[in-house]
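K.L.:
generate coordinates for the sequence data below:
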Amino acid sequence: MGPERSRRQAADGLTGSSFLSMWRELEAIGRHPGAGGYRRFAWTGADADCRDWFRGEAEARGLLLELDRNGNQWAWLGDPSAGDAVVTGSHLDSVPDGGAFDGPLGVVSSFAALDELRGRNARFTKPLAIVNFGDEEGARFGLACVGSRLTAGELTVEQAHRLTDADGITLPQAMEAAGHDPDAIGPDPERLARIGAFVELHVEQGRALDLSGDQVGVASAIWPHGRWRFDFRGEANHAGTTRLVDRRDPMLSYAETVLAARREAQLAGAVATFGKISVEPNGVNAIPSLVRGWLDSRAADQATLDMVVHGIEKAAREYADAHGIHLDVVRESFTPVVEFEHALRDEIARLLGKGDGGKGAHLNVPVLGTGAGHDAGILSGSIPTAMLFVRNPTGVSHSPAEYAAEDDCVAGVTALADVLEGLACK
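P.N.:
Predicted coordinates:
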């Protein structure tokens with residue numbers, strides 16, 4: 001074994017040890033013993049435990065910890081006010097019964113990448129920060145990327161104060177109960193002005209890297225995507241005594257709309273999913289008076305997405321009219337296509353592909369798009385952003401089956417360290 005390979009294996013061993021020790025400490029937090037998935041919802045006990053973990057890792061490395069006005073955590077190496085900072089990180093919250101890697105992989109890898117750079121004796125010429133964005137998944141209040149949207153001014157204070165969870169608790173009430181001042185939330189342009197580049201590492205939510213045989217990839221764009229609420233209102237009645245011809249059953253219109261969504265998406269090469277439903281009065285022996293379903297739809301371009309959603313709504317209205325049902329459709333959130341800045345993306349690809357004396361990852365770095373939304377996408381309108389993806393052999397996400405192998409995680413950490421070194425240690 002040559003000295004170059006020996007040094008590389010030793011570095012991988014240290015990086016893997018740093019990553020795994022943090023991963024094992026974090027992985028039990030918020031995990032449901034029955035379902036096996038994670039329930040790390042914003043401003044809950046599990047969320048507080050994740051924040052405590054982040055605080056501990058920052059303090060252990062001597063980083064300056066900040067909690068911003070919107071509840072996002074920042075761990076700084078160097079003077080934040082110096083400007084042109086390089087920031088990395090992701091989020092720690094989850095969807096209901098989500099997987100372990102979506103979000104946390106990026107945060108853990110950020111701390112491990114810093115450890116790797118310190119092991120290289122890297123000399124930072126720019127401030128470096130690791131961030132944990134709050135409420136990225138939107139599992140509790142129904143809107144994704146609340147922390148980054150507020151920071152970027154894409155969510156107004158008034159809109160944020162109207163967000164409620166399934167129990168009727170408003171976002172301000174939840175934040176206040178968790179010890180955060182809800183009156184402080186709002187745009188944070190001064191903080192964003194400090195940042196020269198934000199790089200988010202994330203597990204791939206798909207199988208492109210697995211199919212290509214690559215461990216790490218670079219994001220090209222995020223598909224436009226949104227969430228629409230369909231309210232089908234009928235008439236509550238007795239399930240056993242009401243003749244079929246006399247019923248105004250909104251469940252029929254909803255069910256037909258679910259099938260229409262699949263057809264429209266398949267024809268257009270897009271995706272459309274009704275993944276959440278609320279029924280009133282929700283009785284086994286009662287015909288519903290209201291069926292409320294939430295549509296998530298995404299496509300490679302805006303015209304295709306518009307066509308799919310229009311087709312679904314048109315079909316839903318036809319079904320509703322046929323059954324005597326009143327239908328309201330409300331767009332609850334929308335994110336246009338995000339083209340990550342080409343200059344930063346190309347620089348990252350160069351840094352990962354160059355191979356510099358045993359430190360660079362010397363990777364083949366495919367560039368791929370994604371249908372999943374991220375904080376990096378929200379911030380892209382305000383600052384230069386980019387994303388790295390780590391291979392997911394299952395292709396599954398938002399599920400306990402989500403997975404990334406240890407060697408791929410280590411490769412991701414090393415790739416992120418190479419990127420940060422190239423950007424912050426010039």
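K.L.:
pLDDT of stretch 290-297, averaged?
P.N.:
Mean pLDDT, computed over stretch 290-297, is 98.
K.L.:
from the chain's centre, how far out does that stretch sit?
P.N.:
21 Å (C-alpha atoms, centre = their mean, to the nearest Å).
K.L.:
contacts made by it with the rest, please.
P.N.:
With C-beta atoms under 8 Å, 6 or more residues apart in numbering as the test, stretch 290-297 has contacts from 142, 225-234, 250-251, 253-254, 257-258, 261, 265, 270-280, 305, 308-309, 312, 332. Just so you know, the C-beta spots here come from the backbone N, C-alpha and C atoms, and that holds for glycine as well.
K.L.:
enumerate the positions of that stretch that are buried.
P.N.:
290-297 (16 or more other C-beta atoms under 10 Å).
K.L.:
what of stretch 322-333?
P.N.:
323, 325, 327, 333.
K.L.:
pairing partners for the helix or strand where the third one lies, with directions?
P.N.:
Read that as residue 327. Here residue 327, judged by DSSP states H and E, is contained in strand 326-335. Paired neighbours of strand 326-335 in the sheet (DSSP bridges): strand 225-233 (antiparallel).
K.L.:
average pLDDT across the partner strand?
P.N.:
Per-residue scores along strand 225-233 average to 96.
K.L.:
how about it: buried residues?
P.N.:
So strand 225-233, judged by 16+ other C-beta under 10 Å, has buried residues 225-233.
K.L.:
got the CA positions of it in PDB?
P.N.:
Written as PDB, here are the backbone C-alpha positions of strand 225-233 (Å, rounded to 0.1, in the frame of the first residue of the first chain):
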ATOM      1  CA  HIS A 225     -43.800  22.700  -6.900                       C
ATOM      2  CA  GLY A 226     -46.700  23.600  -4.700                       C
ATOM      3  CA  ARG A 227     -49.500  22.500  -2.400                       C
ATOM      4  CA  TRP A 228     -53.200  22.900  -3.000                       C
ATOM      5  CA  ARG A 229     -56.100  22.200  -0.700                       C
ATOM      6  CA  PHE A 230     -59.300  20.700  -2.200                       C
ATOM      7  CA  ASP A 231     -62.400  21.100   0.000                       C
ATOM      8  CA  PHE A 232     -65.300  18.900  -1.100                       C
ATOM      9  CA  ARG A 233     -68.500  19.800   0.800                       C
END
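K.L.:
by contact count, what packs against the helix or strand following that strand?
P.N.:
Beyond strand 225-233 on the C-terminal side, the first helix or strand identified by DSSP H and E is strand 237-238. When contacts are defined as 3 or more C-beta pairs under 8 Å, 6 or more residues apart in numbering; DSSP states H and E, strand 237-238 sits against strand 286-287.
K.L.:
pairing partners for the strand it packs on, with directions?
P.N.:
By DSSP bridges, strand 286-287 pairs with strand 237-238 (antiparallel).
K.L.:
chain center to the strand it pairs with: distance?
P.N.:
Centre-to-centre, strand 237-238 and its host chain are 42 Å apart (C-alpha atoms, centre = their mean).
K.L.:
what's the average pLDDT for the following helix or strand past it?
P.N.:
Going down the chain from strand 237-238, the next helix or strand is helix 250-268, by DSSP H and E. What helix 250-268 shows for mean pLDDT is 98.
K.L.:
one step back: between the buried residues of stretch 290-297, which is nearest residue 75?
P.N.:
Proximity of the buried residues of stretch 290-297 to residue 75 (C-beta to C-beta) peaks at residue 296, which lies at 32.0 Å.
K.L.:
now the closest one: how far from residue 378?
P.N.:
Remark: distance between residue 296 and residue 378 (C-beta to C-beta, to the nearest Å) = 17 Å.
K.L.:
tell me the angle whichever strand or helix holds residue 308 makes with strand 225-233.
P.N.:
Assigned by DSSP H and E, residue 308 falls within helix 302-322. With axes from the mean of the first three to the mean of the last three C-alpha atoms, to 10 degrees defining the directions, helix 302-322 sits at 10 degrees from strand 225-233.
K.L.:
helices of this structure, start to end?
P.N.:
3-26, 45-60, 104-119, 146-152, 157-161, 171-177, 189-193, 208-212, 250-268, 302-322, 342-354, 375-379, 406-424 (DSSP state H).
K.L.:
my read is that residue 305 contacts residue 298, right?
P.N.:
Yes: if you go by C-beta atoms under 8 Å, residue 305 and residue 298 touch, sitting 6.9 Å apart.
K.L.:
need the overlap of contacts for those two.
P.N.:
With C-beta under 8 Å, 6+ apart as the test, residue 305 and residue 298 both reach 223-225, 270.
K.L.:
narrow these to those in strands?
P.N.:
With strands taken from DSSP state E, the overlap with the shared contacts of residue 305 and residue 298 comprises residue 225.
K.L.:
quick check: closest non-adjacent residue to residue 164.
P.N.:
Once flanking residues are discounted, residue 164 sits nearest to residue 170: 5.2 Å by C-beta to C-beta, 6 or more residues apart in numbering.
K.L.:
now do the one you found against residue 43, distance only.
P.N.:
For residue 170, the distance to residue 43 - C-beta to C-beta - is 11 Å.
K.L.:
who's more crowded, these two?
P.N.:
Each of residue 170 and residue 43 has its neighbours counted (other C-beta atoms under 10 Å); residue 43 has more, 25 against 16.
K.L.:
tell me the phi and psi of the more buried one?
P.N.:
For residue 43, the backbone dihedrals are phi 60, psi 40 (criterion: degrees, to the nearest 10).
K.L.:
pretty sure it is touching residue 140, no?
P.N.:
Yes: counting by C-beta under 8 Å, residue 140 is a contact partner of residue 43 at 7.3 Å.
K.L.:
can you report how many residues lie near residue 81?
P.N.:
10.
K.L.:
hmm, I was thinking of residue 213
P.N.:
So residue 213, with other C-beta under 10 Å, has 9 neighbours.
K.L.:
kindly provide the distance from it to residue 128.
P.N.:
32 Å.
K.L.:
who has more neighbours out of residue 305 and residue 298?
P.N.:
residue 305 (25 against 22).
K.L.:
can you tell me how far the closest residue to the more buried one other than its chain neighbours is from residue 201?
P.N.:
Leaving aside its chain neighbours, residue 305 sits nearest to residue 299 (3.9 Å; criterion: C-beta to C-beta, 6+ apart). Distance, residue 299 to residue 201, using C-beta to C-beta: 25 Å.
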